[in-house]
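S.K.: the following block contains a protein sequence and its predicted model.
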Amino acid sequence: MAYEFEDFQKFGKEQYDAAAAATSSIAKALQAIATETADYSKKSLESGSAFVEQLLGAKSYDNAIQIQSEYWKTSYAGFVAQATKMGELYTNLAKEAFKPVESIFSKMSYTNN
């Protein structure tokens, strides 16, 4: 009986250590997401301000349309790139969040075989 309790205690400690490590990596992933979001917001605001300045300085209607078209094209490309990057960051976050669960299931399936 003592042997089973020691195994259970060892298993619990291993899982606690894995969860603590995962919590640390999850916090880092969330920090990376927050930093990336803040950077994108700042770039977007700066880009929008520059667009308004260019638009106000347009010499003709055709020039204003050209400025607007370039802005939307650049903004869309930037958004798609940012969405891809954020998707990768969230994918990494999900992988980190499920590492402790994966280790539990792998040990459970290993002991059952």
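M.R.: Looks like it came in fine.
S.K.: which helix in the chain runs the most residues?
M.R.: For the chain, the helix with the greatest residue count under DSSP state H is helix 2-56.
S.K.: tell me what that one is packed against?
M.R.: helix 61-112 (3 or more C-beta pairs under 8 Å, 6 or more residues apart in numbering; DSSP states H and E). Every C-beta, even on glycine, is put in place using the N, C-alpha and C of the backbone.
S.K.: ok and the helix it packs on relative to helix 2-56, angle-wise?
M.R.: 180 degrees (axes from the mean of the first three to the mean of the last three C-alpha atoms, to 10 degrees).
S.K.: which residue is nearest the centroid of this structure?
M.R.: residue 89 (2.6 Å; C-alpha atoms, centre = their mean).
S.K.: if I look at it, what pLDDT would I see?
M.R.: pLDDT recorded at residue 89 is 95.
S.K.: contacting residues for it?
M.R.: Neighbouring residues of residue 89 by C-beta atoms under 8 Å, 6 or more residues apart in numbering: 29, 32, 33, 36.
S.K.: highest neighbour count among these?
M.R.: residue 29 (19 neighbours; other C-beta atoms under 10 Å).
S.K.: excluding its backbone neighbours, what's nearest that one?
M.R.: Leaving aside its chain neighbours, residue 29 sits nearest to residue 93 (4.2 Å; criterion: C-beta to C-beta, 6 or more residues apart in numbering).
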